[in-house]
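K.L.:
any chance you can model this:
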Amino acid sequence: MRQERTVQASIFDLFAEHEIGRELKAMSEWLDEHGDLLGLVARDLRRHGLRQTGREGLPAEAVLRCALLKQHRQLSYQELAFHLEDSASFRAFARLPWGWNPNKSVLHKTISAIRAQTFEEINGVLLASARQEKLESGKVVRVDSTVTAALIHESSDSSLLWDAVRVTVRLLQQAEALGSAIPWHDHRRAAKKRARAIEYIRGRPKRIKHYRELLKITRTTLSYLQQASEQLPLTAGPAGELWRAQLRHYRPLIERIIAQTERRVLAGEPVPAGEKLVSLFEPHADIIVKGSRDVDYGHKLNLTTGRSGLILDLVGNPTDSERLLPMLERHIAFYGEPPRQAAADGGYASRENLSGATWLSTRSAASASKTWSAAGGSIASCATSAPASRPASLA
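P.N.:
I've put the predicted structure just below:
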């Protein structure tokens, strides 16, 4: 039976006198004062289908605290498992039962069961506590955007085609193990050779030749996959269904990669940023350039920050000019009143945002690079203003 709290904490749970140890101790005391949060996590663990009978699982309290440790220290699951075993301060904060050292698989399974809505509820409790303690009133805010990077390498058409061949061959090998008896050839060596040649060769005519060969290899390998799907025996059971699910996921993505390469490389056609696929494994990733800086692959985040530096709100994948008013509306919904002052950068400057912010009774909305003038109803731009984030073309 899974418990909400760790029944008996160890008397040896001591925090280090280091700054990080003192910080973890303060966080632990705050969590102890808000024990109702454990019910939210326990609900998600039940919803996720983690069994309530049999061998005891990690208590909901330990799951929540491990999740907060992972996010606070920006750790991978493997790193978290190591620190929980190695660090006395981490173990004291996590409230792990005596003698328990969860591995990365257990940590991933339990922490990933906590829904985004639950984390938002926890954040709401934190903001309410900060307001009650007079640490953050929410009366002066700044709305800004940033980029969270996807875990992918810099994309190119040749690398995407090479990834497509690798994934297709892996699926063919799995289908063969499940009983699909079709004749096929492993073209990975030839595909890798063409992809490397495209990367280093000079001159468009020579590069086009290698692209045509790489496209042909990718299509041929994809055709093997279709044949394997038709020949896969129905007796393959759950493993066969899992294989078919992978096929349904990857095949349309590989077809998109082939199509965009033909359009961009062979036809010389510009492909809109919104239609480009930059990763076979992170198909949701966007291409983002902020000002004249490096290209990022991932998603934009809209942040509302208070005077204390506390993050009051976060919304993913926005467009700057379209997100200011919704962020202000979310702020009003939580705090019950508009901020006395709101600041944002030049990407949010528009007449619609100015009039909308005024209508929402925000007393002033100013930008360091562009200023919104309520009196004149105009937008004054400085010569030094930074351009807003924009999509970039795929190199």
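K.L.:
for Thr118, which non-adjacent residue is closest in space?
P.N.:
Closest residue to Thr118 apart from its sequence neighbours, by Cβ to Cβ, 6 or more residues apart in numbering: Leu40 at 4.9 Å. (Each C-beta comes from the backbone N, C-alpha and C, glycine too.)
K.L.:
repeat that for Gln231.
P.N.:
Ser180 (4.7 Å).
K.L.:
surely the one you found is in a helix?
P.N.:
No: counting by DSSP: H, G, I helix; E, B strand; the rest coil, Ser180 is not part of a helix but coil.
K.L.:
who touches the residue nearest to Gly179 when sequence neighbours are not counted in this structure?
P.N.:
Excluding the flanking residues, the one nearest Gly179 by Cβ to Cβ, 6+ apart is Pro233, at 4.7 Å. By Cβ atoms under 8 Å, 6 or more residues apart in numbering, Pro233 lies in contact with Leu178, Gly179, Ser180, Gly240.
K.L.:
which of those residues are buried?
P.N.:
Buried members of the contacts of Pro233, counted by 16 or more other Cβ atoms under 10 Å: Leu178, Ser180, Gly240.
K.L.:
just curious, which of those is nearest to Val165?
P.N.:
Proximity of the buried ones among the contacts of Pro233 to Val165 was ranked by Cβ to Cβ; the top entry is Ser180 with 18.3 Å.
K.L.:
low-confidence stretches in the stretch 251-395 of the chain?
P.N.:
Scanning the stretch 251-395 of the chain with the threshold set as pLDDT under 70 gives 290-293, 317-323, 345-395.
K.L.:
do that again at 80, thanks
P.N.:
Low-confidence segments of the stretch 251-395 of the chain (pLDDT under 80): 273-274, 289-295, 314-395.
K.L.:
tell me where it has strands.
P.N.:
In the stretch 251-395 of the chain, the strands defined using DSSP state E, counting those that start in this stretch lie at 286-289, 295-306, 311-316, 341-344, 365-366, 370-373, 378-381, 390-391.
K.L.:
please name the strands paired to the third one in the sheet, noting orientation.
P.N.:
When you say that, I think you mean strand 311-316. strand 295-306 (antiparallel) (DSSP bridges).
K.L.:
buried set for the strand it pairs with?
P.N.:
Within strand 295-306, judged by 16+ other Cβ under 10 Å, the buried ones are Asp296, Tyr297, Gly298, His299, Lys300, Leu301, Asn302, Leu303, Thr304, Thr305, Gly306.
K.L.:
for Gly124, list the residues it contacts.
P.N.:
Gly124 touches Phe334, counting by Cβ under 8 Å, 6+ apart.
K.L.:
quick one: the helices in the chain?
P.N.:
For the chain, the helices defined by DSSP state H cover 19-33, 37-47, 60-73, 77-86, 88-94, 104-111, 116-132, 157-177, 188-200, 204-231, 237-261, 320-335, 351-359.
K.L.:
and of these, who's closest to Asp313?
P.N.:
For the helices of the chain, proximity to Asp313 was assessed by Cβ to Cβ; helix 320-335 is nearest, at 5.5 Å.
K.L.:
now do the buried residues in the closest one.
P.N.:
Buried residues in helix 320-335 (16+ other Cβ under 10 Å): Asp320, Arg323, Leu324, Leu325, Met327, Leu328, Arg330, His331, Ile332, Phe334, Tyr335.
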